[in-house]
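S.K.: Fold the following.
(2 chains, ligands or ions: 1)
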Amino acid sequence: MAIAFKKRPGLVIYLTTGDPDLETTRLMAIEAIDAGADVIELGVPFSDPLADGPVIQRASQRAVLRGTRLEDVLRVCREIRAARPQAGLLLFSYLNPVLRMGLEKFAQAARDAGADGVLLTDMIVEEAEEYRRVMRQAGLMPVFLAAPTSPDGRLQAIAEACEGFVYAISRVGITGTQAELAGDAEALVRRLRRFTQLPIALGFGVSTREHVRALGEFADAAVVGSAIVGLIERTPAEQAPRAVGELVQQLCGGAKTA
Amino acid sequence: MDSTAGAMGTIAGAAREALGRFGVYGGRYVPETLMAALLELEAAYAEAQADPAFHAELDGLLKDYCGRPTPLYAAKRLSEMLGGARIYLKREDLLHTGAHKINNALGQALLARRMGKQRIIAETGAGQHGVATATVCALFGMECVVYMGEEDMRRQELNVFRMRLLGAEVRGVGAGSATLKDAINEAMRDWVTNVRSSFYILGSALGAHPYPTMVRDFQRVISRESKRQILEQAGRLPDAVIACVGGGSNAIGAFYEYIPEENVALIGVEAGGRGHGLGEHAARFAQQGGGVPGVLQGTYSYVLQDEAGQIAATHSVSAGLDYASVGPEHAMLHDSGRATYTSATDAEALEATKVLSRTEGIIPALESAHAIAEVIKFAPRLGKEKIVMVNVSGRGDKDMGILTREMDLSGDATGTGKVSAR
Ligand SMILES: Cc1ncc(COP(=O)(O)O)c(C=O)c1O
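M.R.: Numbering: from 1, shown residues only, chains lettered A, B, ... in the order given. Sure, this is the predicted structure:
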């Protein structure tokens, strides 16, 4: 278990855990890994996902309504870890569910579940002293977001606080698909390189093989979220794992589906 | 519960004043994309605060455009009826647009203009902050987009029309319970997306630093005036100040200058709604069924939430108090015991609306009626030599739709102007 990008660009796949249900999330994650995803981000559904666009908002709401809790996400994480010991597994959450469990308790549980790292959407580096200490103690890698609007000083602090990789936000905005990669993306990755040797993954608005290929020119990995979550929304649960596997294969440049 | 508070408490303990801490509460928990904007705002605000020209323009508009100072009014008939303390009303309801919200909207709009931002975003619950923001945008010729929960649009439809008449675009939000919290989520999404061109005028003492401090500073004028006025009229400070608490802006403004005055009790009144269960009220500080420290929409404070950390639904007859969290400075005042927080139910607020209307000829906003409901319980317990000040944060015009649905007046129109305290 480690976060490593074996090919270039690597691929990170986001899933809203519990949408459509926990078992399907587990199966989809395994399909995605087998189809070439280097890292799975297991999203913890939250009632108020203010950094997310409509697609992930809807998925989150469905999962919350089904009663999906942080404990459930940790259980799915453990099951995926047992099935695929080599995959990178990142827990992706808003802060409040983690605080409610308690930082220390969460970190222990995440480690026990076999997670490699954690990303908290609404945790910024200035507030992260205690969080980073607890992560370090548990042997978990904290990943922070870097934005096109972040000035160099902040990028440096962010790069220094990250372990595993740095998550660069491709554009100014919330999650969601878009037709073209934003012009902001390449400039951000270039600025980040000055401060870190870590791989840089680019996310928000990355949805097609064409995007993945294009960003491979300057970034180390692509993060695909809304395109996957949207596909899951449109697909019956029993067919979702296979559909996800096929999309991942396609994103990796493998066999195209009909 | 303890481990939750403890975990963040340690973070907070290490944090600097510069991060906007009120004790362990407050701080800045936002997506990174907003950080540059928050830092820019913080710097621009500090610069404006130090600039006499900024204050001169703000004070001039507060006076000539908004109608400050607002009166402090000795409510003799209400005091007599309750038979206890002498009650004074701070009349924020008489301000232009009908509530205290314009104090803050005007201040932030001036700041936006200084920063060269032409597009304004706001959220609104009861619609008063939306109307205030639409008003100042009209005044300064700025583009204005207001997010409002669809449930709130329905129950405060008059204010929706007012905003549109003033030239603002009102965007309905259907997510969640379609109330204030959901409107803030959507306003923040807009801000994240348009952060380079837009200024977010947040309407209460909530959100990430510097908002809670900035909004409080713009609302502080309430207690600055009331302190001078009560000294002139009564020759001494009040024994208690009472205000309703939604996000907490009118309350923090009404309390602020009295915080160092230890003999002045500060009482915040939350929405008790229709019951004690989670989802039935918005009483974040309630002993039973109340909130737990957590993070919602950028700040660490008391939050109504379930055991899994999902934000709870809330209920109040008043849209402006119907919110799952509360300004972080109130969380600090609560924990230190400097202020106490109580609640009034929907029914008590409706009754208080009637009482104030019929004893003083003042129809309060449903939010403000929660503060009136508390004084109805509190004043009779005090002797006639005591003084209680109540902040009437807004007027009730906006609530006529709800009131016609919630109240049946056909049986009690006696024509005598008398009312019984129940
Ligand atoms: C008249 C009035 N009072 C009070 C409030 C509650 O807000 P706050 O607690 O920020 O004063 C509102 C909010 O809409 C309002 O319109």
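
S.K.: what mean pLDDT does stretch A:70-87 have?
M.R.: The average pLDDT within stretch A:70-87 is 98.

S.K.: do the same with stretch A:100-115
M.R.: According to the model, stretch A:100-115 has a mean pLDDT of 98.

S.K.: what's the distance between that stretch and the middle of its chain?
M.R.: Here the centre of stretch A:100-115 is set off from its chain's centre by 17 Å, with C-alpha atoms, centre = their mean, to the nearest Å.

S.K.: contact partners of that stretch?
M.R.: For stretch A:100-115, the external contacting residues (C-beta atoms under 8 Å, 6 or more residues apart in numbering or on different chains) are A:1, A:42, A:70-71, A:74-75, A:77-78, A:80-82, A:89-91, A:98, A:118, A:130-131, A:134-135, A:137-140, B:3-4, B:6-8, B:292, B:294, B:305, B:307-309. In this view, the C-beta of every residue, glycine as well, is placed from N, C-alpha and C.

S.K.: In strands, which of those appear?
M.R.: If you go by DSSP state E, the contacts of stretch A:100-115 have A:Leu42, A:Leu89, A:Leu90, A:Leu91, A:Val118, B:Val292, B:Gly294 in strands.

S.K.: what two of the residues you listed are the furthest from one another?
M.R.: Based on C-beta to C-beta, the longest span within the ones in strands among the contacts of stretch A:100-115 runs between A:Leu89 and B:Val292 and measures 28.8 Å.

S.K.: With neighbour numbers in mind, choose between those two.
M.R.: A:Leu89 (24 against 19; other C-beta atoms under 10 Å in any protein chain shown).

S.K.: picking that back up, closest to the ligand among the ones in strands among the contacts of stretch A:100-115?
M.R.: Using C-beta to the nearest ligand atom, B:Gly294 comes nearest to the ligand of the ones in strands among the contacts of stretch A:100-115, at 18.9 Å.

S.K.: In three-state terms, how would the nearest residue to B:Leu94 once chain neighbours are set aside be classified?
M.R.: Closest residue to B:Leu94 apart from its sequence neighbours, by C-beta to C-beta, 6 or more residues apart in numbering or on different chains: B:Thr70 at 5.3 Å. Here B:Thr70 is coil, with the state taken from DSSP: H, G, I helix; E, B strand; the rest coil.

S.K.: So B:Thr70 is in contact with B:Arg91, correct?
M.R.: Yes: counting by C-beta atoms under 8 Å, B:Thr70 touches B:Arg91, with 4.6 Å between them.

S.K.: For these two, indicate the residue with more neighbours.
M.R.: B:Thr70 (24 against 19).

S.K.: can you pull the contacts of the more buried one?
M.R.: By C-beta under 8 Å, 6+ apart, the neighbours of B:Thr70 are B:Lys90, B:Arg91, B:Glu92, B:Leu94, B:Leu95, B:Ile222, B:Glu225.

S.K.: Just put the residues you listed in TSV and tack on distance to B:Thr193.
M.R.: Output for the contacts of B:Thr70, formatted as TSV (distance: C-beta to C-beta, whole Å):
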residue	distance to B:Thr193
B:Lys90	39
B:Arg91	40
B:Glu92	34
B:Leu94	38
B:Leu95	33
B:Ile222	34
B:Glu225	39
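
S.K.: and which of those residues is nearest to the ligand?
M.R.: Set against the ligand, the nearest of those by C-beta to the nearest ligand atom is B:Glu92 (7.6 Å).

S.K.: Contacts only, for the residue nearest to the closest one when sequence neighbours are not counted.
M.R.: Nearest non-adjacent residue to B:Glu92, counting by C-beta to C-beta, 6+ apart: B:His100, 4.1 Å away. Contacts for B:His100 were tallied using C-beta under 8 Å, 6+ apart; they are B:Glu92, B:Gln219, B:Ile222, B:Ser249, B:Asn250, B:Gly253, B:Asn391, B:Ser393, B:Gly394.

S.K.: In strands, which of these fall?
M.R.: B:Asn391.

S.K.: could you redo the contacts of B:His100 as JSON lines and give each row pLDDT?
M.R.: Shown next, in JSON lines, are the contacts of B:His100 (pLDDT from 0 to 100):
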{"residue": "B:Glu92", "pLDDT": "99"}
{"residue": "B:Gln219", "pLDDT": "98"}
{"residue": "B:Ile222", "pLDDT": "99"}
{"residue": "B:Ser249", "pLDDT": "98"}
{"residue": "B:Asn250", "pLDDT": "98"}
{"residue": "B:Gly253", "pLDDT": "98"}
{"residue": "B:Asn391", "pLDDT": "99"}
{"residue": "B:Ser393", "pLDDT": "98"}
{"residue": "B:Gly394", "pLDDT": "98"}
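
S.K.: Keep only those of the contacts of B:His100 that are in helices.
M.R.: B:Gln219, B:Ile222, B:Ser249, B:Asn250, B:Gly253 (DSSP state H).

S.K.: Identify the farthest-apart pair in those residues.
M.R.: B:Ile222 and B:Ser249 (9.6 Å).

S.K.: For the ligand, give me its nearest residue in chain A.
M.R.: A:Asp48 (18.9 Å).

S.K.: pLDDT score assigned to that residue?
M.R.: pLDDT, A:Asp48: 97.

S.K.: how about it, what does it touch?
M.R.: A:Tyr94, B:Gly176, B:Lys181, B:Asp182, B:Asn185, B:Leu296, B:Gln297, B:Ile311.

S.K.: Could you find the lowest-pLDDT member of those residues?
M.R.: Among the contacts of A:Asp48, B:Gly176 has the lowest pLDDT, at 89.

S.K.: any idea what sits nearest it, other than its immediate chain neighbours?
M.R.: B:Asp182 (4.1 Å).

S.K.: is it true that that neighbour touches B:Met188?
M.R.: No: between B:Asp182 and B:Met188 there is no contact under C-beta under 8 Å: 10.8 Å.

S.K.: tell me the SS of B:Cys66?
M.R.: Under three-state DSSP, B:Cys66 comes out as coil.

S.K.: what about it, how many residues close to it?
M.R.: B:Cys66 sits with 20 neighbouring residues when counted by other C-beta under 10 Å.

S.K.: Need the pLDDT of it.
M.R.: Reading off the model, B:Cys66 has pLDDT 98.

S.K.: From B:Gly149, how far out is it?
M.R.: B:Cys66 sits 27 Å away from B:Gly149 when distances are taken as C-beta to C-beta, to the nearest Å.

S.K.: Could you pick out the residues of the stretch 51-200 of chain B near chain A for me?
M.R.: Contact residues, the stretch 51-200 of chain B versus chain A (C-beta under 8 Å from any C-beta of the partner chain): B:175-176, B:181-182, B:184-185, B:188-189, B:192-196.

S.K.: Just the ones of those in strands?
M.R.: Per DSSP E, these never map to strands.

S.K.: Just to be careful, could you list which of these are in helices?
M.R.: Short answer: these in helices (DSSP H) are B:Lys181, B:Asp182, B:Ile184, B:Asn185, B:Met188, B:Arg189, B:Val192, B:Thr193.

S.K.: Helices along chain A, start to end?
M.R.: A:22-34, A:54-65, A:70-83, A:95-101, A:103-112, A:129-138, A:152-161, A:184-193, A:209-215, A:226-234, A:240-251.

S.K.: ranking those by burial, who's on top?
M.R.: Neighbour counts (mean count of other C-beta atoms under 10 Å in any protein chain shown) averaged over each of the helices of chain A peak at helix A:95-101, with a mean of 25.

S.K.: if we can go back for a sec, out of the residues of the stretch 51-200 of chain B next to chain A, give me the two with the largest separation.
M.R.: B:Gly176 and B:Arg196 (27.7 Å).

S.K.: who has more neighbours, these two?
M.R.: Neighbours were tallied for B:Gly176 and for B:Arg196 using other C-beta under 10 Å; the higher tally belongs to B:Gly176 (21 against 12).

S.K.: can you pull out the helices in the stretch 301-422 of chain B?
M.R.: For the stretch 301-422 of chain B, the helices defined by DSSP state H, counting those that start in this stretch cover B:328-336, B:346-360, B:366-378, B:400-406.

S.K.: between those, which gets nearest to chain A?
M.R.: Evaluated over the helices of the stretch 301-422 of chain B, closeness to chain A peaks at helix B:328-336, with 13.3 Å, by C-beta to the nearest C-beta.
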